[in-house]
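Engineer: sharing a sequence plus its predicted fold:
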Amino acid sequence: MDIHDFLKSLKPGKIKLGLERTRALMAECGNPQKELKVIQVAGTNGKGSVCAILEKIYRTAGYKTGLFTSPHLNKLNERIRINGIAIDDNEIYNFLNKYGRGVIRTDASFFETITALGFWLFKKHHVDIAIMETGLGGRLDSVTICEPIATAITKISMDHVEILGDTIEKIASEKAGIMKKDIPCFTLMQNANAMAVLKNHAMKVGCPLEITQSINSKEISLHGKHQNENSGLALAIVEELDQFNVEEHHISSAFESLKWYGRYQVLSEEPKIIFDVGHNEDGIRAFLNTFSKEKINGKKHLLLALQSRKNISKLAPSLIKKFDNIICSEIKIKNFMPTKELCVSLDYPENAIINENLNPNSLQKYIEKLNKEDVLCIVGTHYFGELISKVFKISFDNL
């Protein structure tokens, strides 16, 4: 069986929350997480960007970095990077050759196995620092098995309510689960109810909570005000941690050359084509806020697909007003919202086009019909990545 097929076969019908299997699998692998300097980042939106910013700063300062993020855009190898470069298949094969039986023995899920692989490879390659994005929630997420030197929580909002809870307080409580005694946790200003939960949990576990309101004013290659907030959070962490020597010119250089795919990523200029992975209400609102500053002379087209249970109905009026055409589509994998359901959630806009057969050929044909002054925004999910990689012949392997 191909290594990718084996890993995909581990993906359970339901997400397996809890740390028991992760602990068992990490023990099989020799507990590599205990020998790493880790910064763990949780939150609803922006956690991947904060991880990418931190990784780039430390790499620019001369440190060997490990970066663990999820989900991937095209290949699962992108989830684990060493010095910004996605791991190759040989690394995965070597891990499974050594610990595949342990994966089966511990009944580890896909994400638990990938997390163990990340920790194992970061130890194997002797990284100076590992930046780890929390997959879902925090309290029961397998990344939380680490022994971090710092943790961070980005903006918290309503998402994954069927798993994490149906109130902002419940979701904040899950995110707060990454806090550890005497280990500093950095967070942005939050909704008042979410902040109260974070403060209470920090006091309960003896975690120093540092709330940053700083918005980065340096030039950064990522678009949007929200990225200034995310980079402000990353800066607060870098400035506070004294284990690493990072100078001002390292930060400026990192910000100027930073790449983070799928975050208001401009794929083409004429016509302008933008790819953004915003996939919940706050994420898509952030995209719209950035897009509103564009000067577009031609027509505005939106290609939209969402996973099931995502609710962006509050944004329907803004989307309908902002775009001349909304192409309601879906990715043909499990847990994606059917195109007609997506159309209903937008309240049947007159400018909706239903495309149930989205593929590289149909997307290419749509692009060919655009005028030079038009813009096409491809929004709603990381899972557009494979399609975009094929159509635009680009790789997401190297940062």
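Structural biologist: Now that the structure is in, tell me what you want to look at. Numbering: from 1, shown residues only.
Engineer: those strands in this protein, which residues are they?
Structural biologist: Across the chain, reading from the start of the chain, the strands by DSSP state E fall at 38-42, 65-68, 80-82, 85-86, 129-133, 150-153, 185-188, 209-212, 265-269, 272-276, 300-304, 325-328, 352-354, 375-379.
Engineer: closest to residue 245 out of those strands?
Structural biologist: Ranking these by proximity to residue 245 (CB to CB) places strand 129-133 first, at 12.1 Å. Where you see a C-beta, it was placed from the backbone N, CA and C, and this is true even at glycine.
Engineer: hey, least reliable of the strands of the chain by pLDDT?
Structural biologist: The stretch with the lowest average pLDDT out of the strands of the chain is strand 352-354, scoring a mean of 88.
Engineer: partner strands of that one, parallel or antiparallel?
Structural biologist: Under the criterion DSSP bridges, strand 352-354 sits next to strand 325-328 (parallel) in its sheet.
Engineer: can you dump the C-alpha atoms of the strand it pairs with in PDB for me?
Structural biologist: The C-alpha trace of strand 325-328 is given here as PDB (Å, rounded to 0.1, in the frame of the first residue of the first chain):
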ATOM      1  CA  ASN A 325     -21.300  36.500 -10.000                       C
ATOM      2  CA  ILE A 326     -21.100  33.900  -7.200                       C
ATOM      3  CA  ILE A 327     -20.200  30.400  -8.400                       C
ATOM      4  CA  CYS A 328     -21.500  28.000  -5.800                       C
END
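Engineer: contacts for it?
Structural biologist: Counting by CB atoms under 8 Å, 6 or more residues apart in numbering, the neighbours of strand 325-328 from elsewhere in the structure are 299-305, 319-320, 339-340, 342-343, 346, 349, 351-355, 366.
Engineer: of the residues you listed, buried ones?
Structural biologist: The neighbour-count test (16 or more other CB atoms under 10 Å) applied to those identifies 300-305, 319-320, 339, 342-343, 346, 349, 351-353, 355, 366 as buried.
Engineer: what number of residues lie near residue 124?
Structural biologist: Under the neighbour criterion other CB atoms under 10 Å, residue 124 is assigned a count of 13.
Engineer: residues in contact with it?
Structural biologist: Residue 124 makes contact with residue 32 under the criterion CB under 8 Å, 6+ apart.
Engineer: now do residue 323
Structural biologist: If a contact means CB under 8 Å, 6+ apart, then residue 323 has 300-302, 351, 377 as its contacts.
Engineer: count the residues that sit near residue 233.
Structural biologist: Other residues within reach of residue 233, judged by other CB under 10 Å, total 29.
Engineer: contact partners for it?
Structural biologist: Taking CB under 8 Å, 6+ apart, one finds 46, 50, 152, 154, 186-188, 212 in contact with residue 233.
Engineer: give the buried residues for stretch 25-41.
Structural biologist: Neighbour-count burial for stretch 25-41, with 16+ other CB under 10 Å as criterion, is recorded at 25-26, 28-29, 32-33, 36-41.
Engineer: scratch that, stretch 235-252
Structural biologist: Burial within stretch 235-252, assessed by neighbour count using 16+ other CB under 10 Å, is assigned to 235-238, 241, 244, 246, 250-251.
Engineer: out of the residues you listed, what pair is the most spread apart?
Structural biologist: Across these, the two members that end up farthest from each other (CB to CB) are 236 and 250, 15.8 Å apart.
Engineer: do a quick rundown of the helices in the stretch 201-350 of the chain.
Structural biologist: Ranges of helices within the stretch 201-350 of the chain are 225-240, 248-257, 281-291, 316-322, 339-345, based on DSSP state H, counting those that start in this stretch.
Engineer: what would those helices look like in a markdown table with distance to residue 111 and mean pLDDT?
Structural biologist: Rendered in a markdown table, the data for the helices of the stretch 201-350 of the chain read as follows (distance: least, CB to CB, whole Å; pLDDT from 0 to 100):
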| stretch | distance to residue 111 | mean pLDDT |
| --- | --- | --- |
| helix 225-240 | 23 | 94 |
| helix 248-257 | 28 | 96 |
| helix 281-291 | 20 | 94 |
| helix 316-322 | 31 | 92 |
| helix 339-345 | 26 | 90 |
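Engineer: could I get the ones you listed as CSV with distance to residue 264?
Structural biologist: Compiled in CSV, the helices of the stretch 201-350 of the chain are given as follows (distance: least, CB to CB, whole Å):
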stretch, distance to residue 264
helix 225-240, 8
helix 248-257, 15
helix 281-291, 6
helix 316-322, 15
helix 339-345, 22
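Engineer: shaky segments in the protein?
Structural biologist: Counting by pLDDT under 70, the chain shows low-confidence ranges at 1, 11-17, 158-166.
Engineer: from residue 88, how far off is the closest residue to residue 117 other than its chain neighbours?
Structural biologist: On the basis of CB to CB, 6 or more residues apart in numbering, the spatially nearest residue to residue 117 that is not a chain neighbour turns out to be residue 95, at 5.0 Å. Separation of residue 95 from residue 88 (CB to CB, to the nearest Å) stands at 12 Å.
Engineer: over to residue 197?
Structural biologist: 41 Å.
Engineer: more neighbours: these two, which one.
Structural biologist: In this comparison of residue 197 against residue 88, neighbours counted by other CB under 10 Å, the higher total goes to residue 197 at 22 against 10.
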